[in-house]
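> quick one: sequence and predicted model below, then my questions.
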Amino acid sequence: MAEISGTEYRSMNLSPEEKINENERIILHLDMDSFYASVEMRDDPGLKGKPVVIGADPKNGAGRGVVSTCSYEARAFGIRSAMPISQAYVLCPHAIYLPPHFPRYTQASSDVMGLLKSHGFPFQQVSIDEAFLDVSSLGNYLAATRLAEQIRDDICTQIGLTCSIGIAPTKVVAKIASDVNKPRGLTVVEPENLFSFLAPMPVRKIPGVGRKAELELFELGIRTIKDLAGYDIQVLIARFGRSAIALQAITDGSDEDFVVERDCVKSVSRETTFPEDTPDEQVITATVDALAQDVCRNLADESLRCKTITLKVRYVGFITRTKSRTLTHYTDDASAVRSVAYALLRDIFDGCPIRLIGIRLSSFEKHDARQKILDL
Ligand code: TTP
Ligand code: MG
């Protein structure tokens with residue numbers, strides 16, 4: 001484990017060709033620093049060096065809603081993502097509060113992802129501001145470090161933003177590594193250092209271990225990743241089911257989670273054909289409810305949030321009507337989707353028997369970095 005500065009790694013005095021291990025997995029994880037806030041600061045240099053908070057309108061402390069993100073200057077006041085905006089306002093009333101400008105973040109994201117993809121390694125985007133590259137074919141960690149430095153410099157000079165990068169033998173460890181020296185961090189965990197890097201960390205550092213899982217692990221006396229590594233696997237399985245195996249495998253880098261390139265999902269939909277055509281409003285709304293739950297679960301699996309909800313109704317005789325609504329914000333919340341679907345249903349349902357009903361979600365953004373790696 002090391003934060004490698006340019007001089008340090010050059011002093012290792014190895015050429016990339018000297019040490020090639022064809023079996024070694026080398027995964028690079030990149031995560032942009034204070035992403036939405038950094039885009040705002042790039043586009044308005046007057047914001048540089050100031051506490052900038054992106055999110056809901058604080059309304060002089062009476063605002064509802066939450067912080068999306070904030071600059072590192074604002075973090076010094078204790079402000080964090082997902083905190084109520086009213087609390088952020090108490091912590092730093094003189095911060096600059098801005099509403100999100102999603103099209104600009106989406107553009108910056110595709111610029112960053114395009115630059116990453118251009119290197120030609122297996123690539124997987126996992127949220128609006130993070131992605132993995134499988135750079136194993138480089139053959140050694142020194143070459144991977146050089147590539148990371150080049151990527152970091154190119155993102156800075158060509159796109160005007162900063163990022164943090166982790167390099168490690170597995171995706172989970174690369175992701176943990178990219179987070180430990182933010183902002184502008186470059187952290188390399190070679191296989192021989194993997195355990196000493198992970199051992200002292202609280203289990204919560206493992207992506208996917210949320211507050212609930214953390215408390216359950218505490219109940220077993222497991223606080224650090226070292227505690228988790230040494231724990232009786234049978235007891236863990238009895239408590240958490242088979243996902244415990246994947247969880248423990250993270251601690252020694254033996255988990256097999258590959259960088260998979262996936263086609264961009266354009267829409268997610270679910271539809272139901274009734275066993276018998278029905279005009280029964282109760283049956284229809286219950287079905288819409290179930291479809292909303294189902295389709296949102298699918299969205300969560302893809303780490304996506306949507307903006308456009310479309311309801312489709314097919315009447316007897318294959319007469320089909322669809323209606324869409326686009327929200328002002330992204331959501332993956334089933335109850336939000338359901339209430340829009342209910343409103344659309346009120347618009348297009350004319351009381352005639354329905355044969356089929358469906359919900360389609362589209363206009364996506366990739367979910368943030370808290371996507372689940374483990375199902376705990
Ligand atoms: P993150 O990468 O989690 O956060 P960040 O890039 O702002 O800061 P860091 O330097 O710690 O990586 O999320 C990327 C973007 O996703 C973030 O800029 C805004 C958005 N986001 C939310 O809208 N709500 C949230 O709760 C979080 C965590 C992120
Ligand atoms: Mg980020």
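The structure has been received and is ready for your questions. Numbers count the residues shown, from 1 in each chain. Ligands and ions are numbered 1, 2, ... in the order given.

> which residues does stretch 170-181 contact?
Here stretch 170-181 makes contact (Cβ atoms under 8 Å, 6 or more residues apart in numbering) with 1, 3, 25, 27-31, 130, 132, 164-168, 185, 187-189, 194, 197-198, 201, 205-207, 250, 253, 255, 257-259, 373. Using the backbone N, CA and C atoms, a C-beta is placed for each residue, glycine as well.

> can you list the weak-confidence ranges in the stretch 251-376 of the chain?
262-265, 367-376 (pLDDT under 70).

> now the helices for it?
Assigned by DSSP state H, counting those that start in this stretch, the stretch 251-376 of the chain shows helices spanning 281-301, 334-348.

> swap in the stretch 51-200 of the chain?
So, for the stretch 51-200 of the chain - with DSSP H, counting those that start in this stretch - the helices run 72-75, 85-91, 102-117, 141-154, 171-180, 194-198.

> can you tell me if stretch 319-337 touches ligand 1.
No - applying Cβ under 6 Å from any ligand atom, one finds stretch 319-337 separated from ligand 1 by no less than 8.4 Å.

> contact partners for Phe318?
Arg355.

> the residue found closest to His329 once you drop the neighbours it is linked to in the chain and Phe195: what is the separation?
Spatial nearest neighbour of His329, excluding adjacent residues (Cβ to Cβ, 6 or more residues apart in numbering): Lys307 at 7.3 Å. Using Cβ to Cβ, to the nearest Å, Lys307 is found at 43 Å from Phe195.

> what parts of the stretch 51-200 of the chain come near ligand 1?
So the stretch 51-200 of the chain meets ligand 1 at Ser68, Thr69, Ser81, Ala82, Ile128, Asp129, Lys182, Pro183 (Cβ under 6 Å from any ligand atom).

> and the two most separated of those?
Distance extremes for these: the farthest pair is Ala82 and Pro183 at 18.8 Å, using Cβ to Cβ.

> more neighbours, these two?
Pro183 (15 against 11; other Cβ atoms under 10 Å).

> might one say that that one is in contact with Phe35?
No - with contact defined as Cβ atoms under 8 Å, Pro183 does not count as touching Phe35 (10.6 Å).

> domain ranges for this structure?
What automatic domain parsing lists as the domains of the chain is 10-32+103-190, 36-102, 199-252, 267-375.

> for these, give me TSV that also has distance to ligand 2.
Listed next are the domains of the chain as TSV, based on distance: least, Cβ to the ion, whole Å:
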stretch	distance to ligand 2
domain 10-32+103-190	4
domain 36-102	8
domain 199-252	13
domain 267-375	6
